[in-house]
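Visitor: A structural model of the following input is requested.
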Amino acid sequence: MAPTVSAGPWIGPQRLTIQDNPFLSNSTVQTLSNTPFVQFNGSDSDGNGIPENARAVIGRTFSELGPSRWDQTYSLRQFEIGFTRDLTGTWNLDGYVNHGEIEMDWTATPAIIQSRFAQSLLLDVSDTTGQTCLDPTDGCVPANIYGLNSISPAALDFISTDVFVTNESKITTANLLLSGNTAGFFEMPGGVGPVGVAVGLEYISRSQEIVTDDRAQSGELFYWGFFPVSADVTTSRRSAFFELLVPLAEGLPLLSFAELELAGRYTDHETIGGVTSFKTALSWYPVEDVQVRGSFNKAVRAPSINDLYIDFGDRAVVNAPQFSDPCSAIGFANANPDYLAELCVLTGVPLDQVGSESLNVGPDGVPVYFGGNASLEEETGNTISVGIVWTPYSIDGLSASVDYFDIEIEDYIGQLPGGFSHVENCFFPSEDRGTYNAYCNSVERNDQGVLTQINAGRRNLATHSISGFDFSINKTSDFLGGFLDATYVASIVNSKKYSVNGSTLESECAGRFNSTLGGQACARPVTELKHRATLFWTRDVLSLQLTWRHLSGVDDGDEDVQYLVERIPSFDYFELGATYDFSSGITLIGGIRNLLDEDPPVLGGNSFEANTYPNLYDVFGRTFYGRATYKF
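Guide: Numbers count the residues shown, from 1 in each chain. This is a model prediction of the structure:
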């Protein structure tokens, strides 16, 4: 897999040769020499007003190296051993041990070696051809960065490299299950039958080892994107669980049959300790062909290894004078609302240090952290669903169902948007979020009140909820001498809300994409309607299938920015497939995806996935596929 984006990277301030630089025109030299930043950061030993060299801000993509590219290679290994034993006529014991490993080798290009790039910009001006570096060590080749495709292949070889990452994940699962029913020693009153029982134990161990190119971690390279810091982490959990299927009644007026399902699980996590989840569900058949069902369950998700430990580094830094601590002498003097001193104290500044010079941001700036958080707690989700299923015996092959669902996840793990603006959003919120709002938790100080870090990493941040309806209908029948199966499944999202704890920040994500709150769950399109209709016909050795997939339109969710594309219209995709089984054991399978050759929506800055959303919209166009299998 090799996704690509525009060639990177953007560089920033660098020292370069100005006087007698053969790559620069006279007008460019004069323009640079007259720039205050260059004058202030330049070295003009001969006093002619043109610095021999100076620092300047360089912004450049390296089109000579082609687009930024990530090549990923995966290998998978899996082993399983298990057993099944009949204990009695109604009880069974099952067990298994499963071990799986996935290794990903990741190569990213282009990356620019920072030290070599800086070396290539300082020239030995005694060589008027511009072919000699001031420091020729390691075979330095000057880089002519002052034009489109102007860097020579030799210079590209000197300053560029690839970035290497290896990510190996392992999981081991052991499960022991006792299942059966209570026939022979207990039945429910009224003769409705025994209780179905399943009890078990489970052990899961997960490990992840990431080895990232040392040069990427040390800041030696410029490149597009982020790479995780090397890590080697293992977590485990142990669970005990049960399930009961309890028949309640049958053969009564308006109660053809009713049963209760109960389930529970206790899990001891190595990371967060013990948690409990459960489920209760009721099925009621007022008549034989109508089922009314409802359920409530509490689910728990422990933070993953990525959530807890994976670090994308502190390479992002905010510097003075563009950034200042609002509680420092500089920041307090520039903006002094009435509440600021109180808020400084609330974020960890001693009262006698508010407005002091000791809080001024130093030359090294303040790091901004985007990674995991070992103090995370579990997410807790509550789900309510109510529905009805109709299977009329008078209409052969027909079934239909409709269900309402309402899911709310508390302590949802996420990140606030705007990693560089957390301090501003804390001290100078754009809306009334209270004196101490959610962004203030990102401000980290030492005992003296000095700002040490802006923590824009993962937190138990929000409440995330979604509600809507699921609908399905299925009809089977004889058709043209074969068997026809028609299925329609649809999901309607009424609401999908993301509310940040400790603030008035709330986002309605349904029918939108690129929402500023909600992370990837709301950045990607949340369609209010999606459905899938399938016609499957089979006769003897031939099977045909036609599928129609529909996605409703969505609007851009960032109300503060007007983008080139503010709405993605609805999309309809059709796929045709066929299977033919030969008597010799050979099976031919073929088909056409995206039958009508629909192009994906082309976006701009309101997509973080290469100008569209490839997880939802087809980016390949009409695609023909085929394969053959042989069984012997």
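Visitor: separation between the most centrally placed residue in the chain and residue 417?
Guide: Among the residues of the chain, the one closest to the centroid is residue 520, at 5.4 Å (CA atoms, centre = their mean). According to CB to CB, to the nearest Å, residue 520 stands 12 Å off from residue 417. Glycine gets a C-beta too; all of them are placed from N, C-alpha and C.
Visitor: ok so, going back, next one: phi and psi at the residue nearest to the centre of the chain?
Guide: phi -70, psi -20 (degrees, to the nearest 10).
Visitor: what do you get for residue 534?
Guide: The phi/psi pair for residue 534 (degrees, to the nearest 10) reads phi -130, psi 130.
Visitor: hang on, it packs against residue 486?
Guide: Yes: using CB atoms under 8 Å, residue 534 makes contact with residue 486 at a distance of 7.3 Å.
Visitor: which parts of the host helix or strand of residue 172 are buried?
Guide: Element membership of residue 172 [criterion: DSSP states H and E] is strand 160-181. Buried residues in strand 160-181, counted by 16 or more other CB atoms under 10 Å: 160-161, 163-165, 167-168, 170, 172, 174-175, 177-181.
Visitor: and if you look at stretch 403-413?
Guide: Here stretch 403-413 shows 403, 404, 405, 406, 407, 408, 409, 411, 412, 413 as buried, counting by 16+ other CB under 10 Å.
Visitor: Stretch 196-208 too?
Guide: 196, 197, 198, 200, 202, 204, 205, 206, 207, 208.
Visitor: From residue 411, how far off is the residue nearest to the centre of the chain?
Guide: Plainly put, residue 520 is 18 Å away from residue 411 if you go by CB to CB.
Visitor: how far out from the middle of the chain is stretch 223-230?
Guide: 15 Å (CA atoms, centre = their mean, to the nearest Å).
Visitor: first to last residue in it, what's the distance?
Guide: 17 Å (CA to CA, to the nearest Å).
Visitor: What segments of the stretch 351-500 of the chain are helices?
Guide: 422-427 (DSSP state H, counting those that start in this stretch).
Visitor: which residues are in contact with stretch 140-148?
Guide: 23-24, 28, 58, 60, 63, 116-117, 119-121, 123, 130-133, 150-152, 154-159 (CB atoms under 8 Å, 6 or more residues apart in numbering).
Visitor: Give me the buried subset of those residues.
Guide: Members of those classed as buried by 16+ other CB under 10 Å are 23-24, 60, 116-117, 119-121, 123, 130, 132-133, 151, 155-156, 158-159.
Visitor: Give me the subset of those lying in strands.
Guide: Residues of the buried ones among the contacts of stretch 140-148 located in strands (DSSP state E): none.
Visitor: picking up where we left off before, average pLDDT for the strand holding residue 172, rounded please.
Guide: Averaging pLDDT along strand 160-181 gives 95.
Visitor: same for the helix or strand just after that strand, what does it pack against?
Guide: Per DSSP H and E, the first helix or strand lying C-terminal to strand 160-181 is strand 196-212. Packing partners of strand 196-212 (3 or more CB pairs under 8 Å, 6 or more residues apart in numbering; DSSP states H and E): strand 160-181, strand 231-252, helix 305-309.
Visitor: Mind doing that once more with 6 Å?
Guide: With contacts defined as 3 or more CB pairs under 6 Å, 6 or more residues apart in numbering; DSSP states H and E, strand 196-212 has these neighbours: strand 160-181, strand 231-252.
Visitor: Out of these, which is closest to residue 576?
Guide: Among the helices and strands packed on strand 196-212, the nearest to residue 576 by CB to CB is strand 160-181 (36.9 Å).
Visitor: Can I get the strand or helix carrying residue 74 as CSV, trimmed to CA atoms?
Guide: Using DSSP H and E, residue 74 maps to strand 68-86. Only the C-alpha atoms of strand 68-86 are listed here, as CSV (Å, rounded to 0.1, in the frame of the first residue of the first chain):
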residue,chain,number,x,y,z
SER,A,68,5.5,12.1,-0.2
ARG,A,69,5.0,8.3,-0.1
TRP,A,70,4.5,5.6,2.5
ASP,A,71,5.2,2.0,1.5
GLN,A,72,3.8,-0.5,3.9
THR,A,73,4.5,-4.3,3.9
TYR,A,74,2.6,-6.6,6.2
SER,A,75,3.2,-10.2,7.2
LEU,A,76,0.8,-12.3,9.3
ARG,A,77,1.2,-15.4,11.3
GLN,A,78,-1.5,-17.2,13.3
PHE,A,79,-1.6,-20.4,15.3
GLU,A,80,-4.5,-22.1,17.1
ILE,A,81,-5.1,-25.3,19.0
GLY,A,82,-8.3,-26.3,20.7
PHE,A,83,-10.5,-29.1,21.9
THR,A,84,-14.2,-30.0,22.3
ARG,A,85,-15.5,-32.5,24.8
ASP,A,86,-19.0,-33.8,25.4
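Visitor: ok, and for the helix or strand following that strand, which residues are buried?
Guide: Per DSSP H and E, strand 68-86 leads on to strand 91-113 as the next helix or strand towards the C-terminus. By neighbour count on 16+ other CB under 10 Å, the buried set for strand 91-113 is 91, 95, 106, 108, 109, 110, 111, 112, 113.
Visitor: One more: stretch 210-219?
Guide: For stretch 210-219, a neighbour-count test (16+ other CB under 10 Å) marks 210, 212, 213, 215, 216, 217 as buried.
Visitor: For the helix or strand containing the fifth one, which outside residues touch it?
Guide: Counting by DSSP H and E, the element that carries residue 216 is helix 214-217. Applying CB atoms under 6 Å, 6 or more residues apart in numbering, the contact partners of helix 214-217 are 163, 221, 227, 229.
Visitor: Kindly report the same for stretch 446-453.
Guide: Under the contact criterion CB under 6 Å, 6+ apart, stretch 446-453 has outside partners 325, 348, 349, 350, 353, 359, 366, 367, 369, 444, 445.
Visitor: at 10 Å instead, please
Guide: With contacts defined as CB atoms under 10 Å, 6 or more residues apart in numbering, stretch 446-453 is touched by 314, 318, 323-328, 331, 344-345, 347-354, 356, 358-362, 366-369, 423, 442-445.
Visitor: doesn't residue 616 make contact with the residue nearest to the centre of the chain?
Guide: No: counting by CB atoms under 10 Å, residue 520 sits too far from residue 616 to count as a contact (11.9 Å).
Visitor: For the two, list the residues in contact with both.
Guide: With contacts taken as CB under 10 Å, 6+ apart, residue 520 and residue 616 have residue 609 as neighbours in common.
Visitor: after the helix or strand bottoming out on mean pLDDT in the chain comes which helix or strand?
Guide: Least confident helix or strand of the chain, by mean pLDDT, DSSP states H and E, is strand 4-5 with a mean of 48. Per DSSP H and E, the first helix or strand lying C-terminal to strand 4-5 is strand 12-17.
Visitor: same for the helix or strand following that following strand, what does it pack against?
Guide: Moving toward the C-terminus from strand 12-17, the next helix or strand (DSSP H and E) is helix 26-33. On a contact count with 3 or more CB pairs under 10 Å, 6 or more residues apart in numbering; DSSP states H and E, helix 26-33 meets helix 36-40, strand 53-58.
Visitor: could I get helix 26-33 in CSV with only the CA atoms?
Guide: Output of helix 26-33 as CSV, limited to C-alpha atoms (Å, rounded to 0.1, in the frame of the first residue of the first chain):
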residue,chain,number,x,y,z
ASN,A,26,21.3,40.3,-8.1
SER,A,27,17.7,41.4,-7.5
THR,A,28,17.1,38.5,-5.1
VAL,A,29,20.3,39.3,-3.2
GLN,A,30,19.2,42.9,-2.8
THR,A,31,15.7,41.9,-1.7
LEU,A,32,17.2,39.5,0.9
SER,A,33,19.7,42.0,2.1
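Visitor: could you say which helix or strand contains residue 296?
Guide: Counting by DSSP H and E, residue 296 is part of strand 290-301.
Visitor: Which elements pack onto that strand?
Guide: Strand 290-301 packs on strand 255-269, strand 273-287, strand 379-390, strand 398-414, going by 3+ CB pairs under 10 Å, 6+ apart.
Visitor: For the chain, give me the ranges with low pLDDT.
Guide: For the chain, applying pLDDT under 70 flags the ranges 1-11, 225, 312-316, 336, 431-435.
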